[in-house]
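J.: Sequence first, predicted model second:
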Amino acid sequence: LDMSSGLDILTPKGQQSLEQEQQFLTAVQVNLKCTIVQTAKDKPASIDGLILRDNIIVGIFETKSRVMSYADLNRFQHEWLITFDKLLNGSEMAKSLAAPFFGFLHLTKDNVGIIVKLTNERGEFLPAIRLERTETQRTINGGIAVRTNAYVDVRHAFKFLL
């Protein structure tokens, strides 16, 4: 890894998050009966990776870990906060690769995995999404960002225990 890139993944908190993410993605592969291929962690990428079956791209994904439980998510109306830019990038990639875009959410407090199909292969959004310009934490290491965030309804998403 190029430690000069300044990416948050290279900090101690980022490394802990990366370790949790690897365990989570292994569980996703088992549940989806697929192979996960990730984009480089030391470079900014539009998506986090590809979902393959028999060496064919059957999906793309964005993955996040949140230090919360499923009950905590319930208090947020079962909405997953993700930047709108990430959704737009994923939608474009889905369209260009003719593969659906998925969101993988790991709730670390009770080790629940959530898989939500965000777009179809034409890049059209599927779940209910509410947009709001809000102030949120910039990265895992803090900071503040004001941006358009999407609140994705994950109430009907696939859920599993790791």
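T.: All right, it came through fine. Numbers count the residues shown, from 1 in each chain.
J.: CA only for contacts and neighbour counts going forward, please
T.: OK.
J.: pLDDT weak spots in the protein?
T.: Along the chain, the parts satisfying pLDDT under 70 run over 1-9, 140.
J.: Show me the strands in it, by range?
T.: Across the chain, reading from the start of the chain, the strands by DSSP state E fall at 35-38, 49-53, 56-66, 79-83, 101-107, 112-119, 129-139, 142-153, 158-161.
J.: middle-most residue in this structure, spatially?
T.: The central residue of the chain, meaning the one whose C-alpha is nearest the mean C-alpha position (Cα atoms, centre = their mean), is residue 63 at 2.4 Å.
J.: Tell me, how many residues neighbour the closest residue to that one other than its chain neighbours?
T.: Nearest residue to residue 63 in three dimensions, chain neighbours excluded: residue 104, at 4.5 Å (Cα to Cα, 6 or more residues apart in numbering). By the other Cα atoms under 10 Å criterion, the neighbourhood of residue 104 contains 23 residues.
J.: For the residue nearest to the centre of the chain, list the residues it contacts.
T.: With contacts defined as Cα atoms under 8 Å, 6 or more residues apart in numbering, the neighbours of residue 63 are 21, 48, 103, 104, 105, 106.
J.: mind redoing it with 6 Å?
T.: 103, 104, 105 (Cα atoms under 6 Å, 6 or more residues apart in numbering).
J.: Quick check: residue 80 vs residue 39, distance?
T.: 22 Å (Cα to Cα, to the nearest Å).
J.: more neighbours, those two?
T.: When residue 80 and residue 39 are compared for neighbours, residue 80 comes out ahead with 21 against 14, by other Cα under 10 Å.
J.: Please list the outside residues in contact with stretch 152-162.
T.: Residues outside stretch 152-162 that contact it (Cα under 6 Å, 6+ apart): 78, 79, 80, 111, 112, 113, 114, 115, 116, 128, 129.
J.: Recalculate using a threshold of 7 Å.
T.: 27, 78-81, 111-116, 127-130 (Cα atoms under 7 Å, 6 or more residues apart in numbering).
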